[in-house]
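Asks: After the sequence you'll find the predicted model.
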Amino acid sequence: MVDPESKKLEGIGGWLLLFILTRTILGPPWNGWRLFQRWEEMRDAAPEFAAGSEFATLHVVSWSVFGISTVIQFCVGLLLWKRLKPSSVIIAIASLWFCGLILSVGGHFLALFLIDANFEIRDFKSLVVPLISVALWTAYLMKSDRVKNTYGLTR
């Protein structure tokens with residue numbers, strides 16, 4: 001008879017490995033490239049706006065938010081990789097909500113405020129996508145047997 005305890009998921013692998021890699025290696029260059037592309041599209045679509053001071057301010061704000069978020073998420077990825085304690089998961093969840101929701105959504109509304117723009121339906125996507133991502137990763141970190149066994153979480 002096979003012992004069920006010998007087959008339990010444990011260690012960094014599967015979705016947990018993907019989560020860590022997207023925080024440390026895959027995510028930063030991908031998100032940086034996407035942000036760069038968005039700014040180039042805006043510059044091409046509205047050259048008169050790109051020449052103004054609002055554009056420069058928004059540019060600095062968005063790259064600052066990107067930088068802060070990248071540093072926090074990178075540190076969280078390293079923390080999850082190196083420190084197999086329950087507090088690592090709690091910090092990871094808190095950082096998800098801070099970076100994925102507060103920084104991205106807050107930065108979005110700050111940008112709308114700085115350019116004195118009205119909220120449009122296309123802006124809805126930039127608010128919903130971070131929320132869905134944060135919710136899915138939070139659910140995974142809270143419910144995964146691999147995360148529970150690796151970090152010594154109790155339910």
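Replies: In hand now; what should we look at? Keep in mind it's a predicted model, so treat the numbers as computed, not measured.

Asks: Please count neighbours and contacts with C-alpha atoms only from this point.
Replies: OK.

Asks: need the contact list for the residue sitting nearest the centre point of the chain.
Replies: When Cα atoms, centre = their mean is applied to the chain, the residue found nearest the centroid is Gly100 (4.4 Å). Contacts for Gly100 (Cα atoms under 8 Å, 6 or more residues apart in numbering) come out as Pro130, Leu131, Ser133, Val134.

Asks: What's the local residue count around the third one?
Replies: When you say that, I think you mean Ser133. By the other Cα atoms under 10 Å criterion, the neighbourhood of Ser133 contains 15 residues.

Asks: and Thr154, what pLDDT?
Replies: Note for Thr154: predicted pLDDT of 82.

Asks: my bad, Leu35
Replies: On pLDDT, Leu35 comes in at 87.

Asks: And for Pro47?
Replies: 83.

Asks: So what's the residue count around it?
Replies: 12.

Asks: any idea how far it is from Gly32?
Replies: Pro47 sits 22 Å away from Gly32, going by Cα to Cα, to the nearest Å.

Asks: Could you do Leu18 as well?
Replies: 18 Å.

Asks: Quick one: find the helix or strand in this protein with the lowest mean pLDDT.
Replies: helix 104-114 (a mean of 72; mean pLDDT, DSSP states H and E).

Asks: mind listing the helices for the chain?
Replies: 14-24, 27-45, 47-50, 53-82, 86-97, 104-114, 121-143, 145-151 (DSSP state H).

Asks: Which among the ones you listed is found nearest to Lys8?
Replies: Comparison of these against Lys8 by Cα to Cα identifies helix 145-151 as nearest, at 7.8 Å.

Asks: same for the closest one, what does it pack against?
Replies: helix 86-97 (3 or more Cα pairs under 8 Å, 6 or more residues apart in numbering; DSSP states H and E).

Asks: what's the model's confidence in the helix it packs on, averaged?
Replies: 96.

Asks: where does this structure have low pLDDT?
Replies: Applying pLDDT under 70 to the chain flags residues 1-7, 111-112, 114-123, 155.

Asks: For the least confident helix or strand of the chain, what is the distance to the chain centroid?
Replies: In terms of Cα atoms, centre = their mean, to the nearest Å, the centre of helix 104-114 is set 16 Å apart from its chain centre.

Asks: All set now, cheers.
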